[in-house]
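Novice: structure of the sequence below:
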Amino acid sequence: MRTKTLFLSAALAAAGVVSSMAQSNVYSINTVGYVNRAFTQFAFAMVSNPLENTNNNLSTIIPNPPDGTSVFTWNVGAQDLDGVVPTYVTGSGWSPDVAISPGQGFFVAGGDNFTNTFIGNVRQGALTTPVTGGLAFDAVGSQVAQGGALSVIMSGYPAEDGDSVFLWDEGAQDINGTVPTYVVGPGWTPDSSVSVSEGFFLARQGAAANWTRNFTVQ
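Specialist: Down below sits the predicted model:
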């Protein structure tokens, strides 16, 4: 317990944003950290890669899941899940071993209950995620290992009146019935909370734009 406390204290001092990493499953020293994420057998969980590793291939970011675990990525052009479904086979690994960039939302369906530990660097600088616009759904997530209200997580996003966020309800295995929508003046209504490494769908009313989050470890 003492070691865990020391890790967490170092994370808060390094990140300079208590709300961003003050969660029991996030530990970091300086700019290197890890995030624990639990997955339930056969249930779809929508996640995003919260850290940057030497590469972001599945074999690196989810190296040892149970046999039969599958990943479903979003094809924004088709507005549907991509037809290529990477699957983990014990002894052979991921096939295909695709890369999942920080800021990209995707689904994981575990072949059994397991906890994955994302390991890597806390991303810093101007972190850009392209958003398609025209009410197309983009599967996205925070490029910073941060949880909290949408107004915090989506800092730097050029929100327009009517933009909407669709959160995944893992228990219901469906999109959450509460849809946060951006209203000029009040902001995100409701200002729902997003967990560390949680992916979500973003539908932008206007033209394509870049969501650029500026983040520096202090």
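Novice: run a quick neighbour tally on the residue nearest to residue 189 when sequence neighbours are not counted.
Specialist: Using C-beta to C-beta, 6 or more residues apart in numbering and skipping the chain neighbours, the partner closest in space to residue 189 is residue 183 (5.2 Å). Using the backbone N, CA and C atoms, a C-beta is placed for each residue, glycine as well. Residue 183: 13 surrounding residues under other C-beta atoms under 10 Å.
Novice: so residue 183 bridges to which residues?
Specialist: residue 187 (DSSP bridges).
Novice: how about residue 34?
Specialist: Using DSSP bridges, the bridge partners assigned to residue 34 are residue 27, residue 119.
Novice: I figured it hits residue 115, correct?
Specialist: No. Here residue 34 lies out of contact with residue 115, judged by C-beta atoms under 8 Å, at a distance of 11.3 Å.
Novice: neighbour count winner among these two?
Specialist: The residue with more neighbours, out of residue 34 and residue 115, is residue 34; 17 against 11, by other C-beta under 10 Å.
Novice: if I look at the spatially most central residue of the chain, how far off is residue 183?
Specialist: Centroid check for the chain by C-alpha atoms, centre = their mean gives residue 48 as the closest residue, at 2.5 Å. From residue 48 across to residue 183, the span is 25 Å (C-beta to C-beta, to the nearest Å).
Novice: list the buried residues for stretch 119-139?
Specialist: 120-123, 127, 129, 131-133, 137-139 (16 or more other C-beta atoms under 10 Å).
Novice: now do the same end-to-end measure for that stretch.
Specialist: Stretch 119-139 has its terminal residues 21 Å apart, counting by C-alpha to C-alpha, to the nearest Å.
Novice: do stretch 88-105 as well
Specialist: Stretch 88-105 has an end-to-end distance of 19 Å (C-alpha to C-alpha).
Novice: how far does that stretch sit from its chain's centre?
Specialist: 15 Å (C-alpha atoms, centre = their mean, to the nearest Å).
Novice: avg pLDDT for that stretch?
Specialist: On average, the pLDDT along stretch 88-105 is 97.
Novice: same thing with stretch 44-53?
Specialist: 95.
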